[in-house]
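In: Any chance you can model this:
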Amino acid sequence: MSAAAITCLFVVGGSYHDMDFARLELLKLLAENPDIRTHVHEHYPAPDVIAQADFLLTYTCDRMPQTAEQLAALVQFVERGGRWFALHGTNSVLRFIEGGTVTTPDEQPEFMALLGTQFVGHPPIEAYRVEVVDPAHPLVEGIEPFETVDELYLSRLCAPVETLLDCHYDGRPLGSFRQTPQEPGRHPILYIRHRGQGAVLYLTLGHCRGHHDMRPLMEHWPTVERCSWELPIFYELLRRGLAWASGGPLGRS
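Out: Numbering: from 1, shown residues only. The predicted structure follows:
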């Protein structure tokens, strides 16, 4: 007897990142499970489309639900037992003001409460160490601390979360982000936000950018940035997250 199809709603789009690269890499990982049927959208789709999904996957930047009905559908999806694997900039709201300064205003409190955090800024891309908080959890079992070069995401906690991986922020400036200075301390890299019968799994790693991804702010970005996408451990975390979201086994590859 063949296995039932698993419907993935994959939202990938937004600003200042190489969405083509991220889309392709994640589609290749999704294709490793022949039972997953993926529906790709650049924006959050209509409520009935959200309701029909078996799990959600998002890689976005500054892309929010546009209607109260979309937001309600996302909340209902999680609360009734759905799983959502959210990546990198899913929790970001970006507003550019004079001089290229970036603000991250609290414009989507209900959405951020669903995700568990809201992005507030990051230092310039740099190397930092990712630590394991709960080594017994199946999502990170057997994972050792590792170094990456990526955007070190600093986020405001909007709801209780279960942190699995984190990193230390030493208080260095946030570059172009204009926010209240952040205190040194630990910040989540991978966490679970439980809500109702379902949950959101959030992984902050995974920045990527190509030459053409800063338009209209800049015509040509001088470098190609792949960050954690260059590390096998990042793909291991992605595979485990997709297995968690789709209800598959979490065995190490």
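
In: Packing partners of the helix or strand bottoming out on mean pLDDT in the chain?
Out: One helix or strand of the chain scores below all others by mean pLDDT, DSSP states H and E: strand 95-96, with a mean of 85. Judged by 3 or more CB pairs under 8 Å, 6 or more residues apart in numbering; DSSP states H and E, strand 95-96 is in contact with strand 102-103. In short, each C-beta sits where N, CA and C put it, glycine included.

In: Tell me how far the strand it packs on lies from the chain's centre.
Out: On the basis of CA atoms, centre = their mean, to the nearest Å, strand 102-103 sits 19 Å off its chain's mean C-alpha point.

In: What are the buried residues along stretch 42-52?
Out: Of all the residues in stretch 42-52, those buried under the rule 16 or more other CB atoms under 10 Å are 44-45, 47, 50.

In: and these, which two are the farthest apart?
Out: The distance between the two most remote of the buried residues of stretch 42-52 (CB to CB) is 9.3 Å, for Y44 and P47.

In: got any residues that touch both of these two?
Out: The contact sets of Y44 and P47 overlap at Q70 (CB atoms under 8 Å, 6 or more residues apart in numbering).

In: where do the strands sit along this structure?
Out: 6-14, 36-41, 55-61, 83-87, 95-96, 102-103, 117-121, 126-132, 146-150, 154-157, 162-169, 185-195, 198-203 (DSSP state E).

In: Pairing partners for the least confident helix or strand of the chain, with directions?
Out: The pairing partners recorded for strand 95-96 under DSSP bridges are strand 102-103 (antiparallel).

In: thinking again about what came up before, what does the least confident helix or strand of the chain rub up against?
Out: Under CB under 8 Å, 6+ apart, the answer for strand 95-96 is 102-105, 217.

In: do stretch 3-13 as well
Out: Applying CB under 8 Å, 6+ apart, the contact partners of stretch 3-13 are 19, 22-23, 26-27, 30, 33, 35-45, 49-50, 52-60, 63, 245-247.

In: Now the buried members of those.
Out: 19, 22-23, 26, 30, 33, 36, 44-45, 50, 53-60, 63, 245-246.

In: Report the central residue of this structure.
Out: L87 (1.5 Å; CA atoms, centre = their mean).

In: First-to-last residue distance for stretch 104-124?
Out: Terminal residues of stretch 104-124 lie 16 Å apart, using CA to CA, to the nearest Å.

In: whoops, I mixed them up, stretch 25-41
Out: Chord length of stretch 25-41, first to last residue, is 15 Å (CA to CA).

In: ok so, going back, so what's the residue nearest to the centre of the chain bridging to?
Out: For L87, the beta-bridge partners under DSSP bridges are Y59, L203.

In: and the lengthiest helix in the chain, which residues are buried?
Out: As assigned by DSSP state H, the longest helix anywhere in the chain is helix 232-246. Neighbour-count burial for helix 232-246 flags 234-235, 237-246 (criterion: 16+ other CB under 10 Å).
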